[in-house]
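Novice: one predicted model, sequence on top.
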Amino acid sequence: MTGASFWIYLAILAGTTYLVRVIPFVAIKNKIENKYVQSFLYYIPYAVLSAMTIPAVFYSTDTRLGAVAGAVVAVIFALKKKSLTVVAVAACVMVYVVEMIL
């Protein structure tokens, strides 16, 4: 890739990112009153975060069993209202232990 094409790609990427963020603000000027639309918009961040995180959980380890064990431990700790750091460390330790056993 030449230097000029890099800057062209970067400008296209920046423009696309900017438009995706600006269009909703320009298109919707009034407060959204519809409860269904509000509910839909409320859950979008959680859905996107899940769609990005779940595949990474299962493809980042050597074995699927380690990934499942880590995910189960993470869910258990999260349901017990532990902090994000504690959940992440517990899941990592579980994956490490399971993969050492296998």
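Specialist: Ah, there it is. Numbering: from 1, shown residues only.
Novice: in what helix or strand does the residue nearest to the spatial centre of the chain lie?
Specialist: Nearest to the mean C-alpha position of the chain, counting by Cα atoms, centre = their mean, stands Leu49 at 2.9 Å. Using DSSP states H and E, Leu49 sits within helix 35-59.
Novice: pull out the buried residues from the following helix or strand past that helix.
Specialist: Next helix or strand after helix 35-59 toward the C-terminus (DSSP H and E): helix 64-79. Under the neighbour-count criterion of 16 or more other Cβ atoms under 10 Å, helix 64-79 has Gly66, Ala67, Val68, Ala69, Gly70, Ala71, Val73, Ala74, Phe77 buried. No exception for glycine: its C-beta is placed from N, CA and C like everyone else's.
Novice: tell me the mean pLDDT for helix 64-79?
Specialist: Averaged over helix 64-79, pLDDT sits at 95.
Novice: any idea of the angle it forms with helix 35-59?
Specialist: Per axes from the mean of the first three to the mean of the last three Cα atoms, to 10 degrees, the angle that helix 64-79 makes with helix 35-59 is 140 degrees.
Novice: which strands or helices does helix 64-79 pack on?
Specialist: helix 35-59, helix 84-101 (3 or more Cβ pairs under 8 Å, 6 or more residues apart in numbering; DSSP states H and E).
Novice: tell me which of those helices sits most buried.
Specialist: Greatest average neighbour count among the helices and strands packed on helix 64-79 goes to helix 84-101 (a mean of 15), per mean count of other Cβ atoms under 10 Å.
Novice: relative to helix 35-59, how tilted is it?
Specialist: Using the same axes, to 10 degrees: helix 84-101 against helix 35-59 is 30 degrees.
Novice: on that earlier part again, can I get the buried residues of helix 64-79 in JSON lines including distance to Arg21?
Specialist: Formatted as JSON lines, those follow (distance: Cβ to Cβ, whole Å):
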{"residue": "Gly66", "distance to Arg21": "37"}
{"residue": "Ala67", "distance to Arg21": "33"}
{"residue": "Val68", "distance to Arg21": "36"}
{"residue": "Ala69", "distance to Arg21": "38"}
{"residue": "Gly70", "distance to Arg21": "33"}
{"residue": "Ala71", "distance to Arg21": "31"}
{"residue": "Val73", "distance to Arg21": "36"}
{"residue": "Ala74", "distance to Arg21": "30"}
{"residue": "Phe77", "distance to Arg21": "34"}
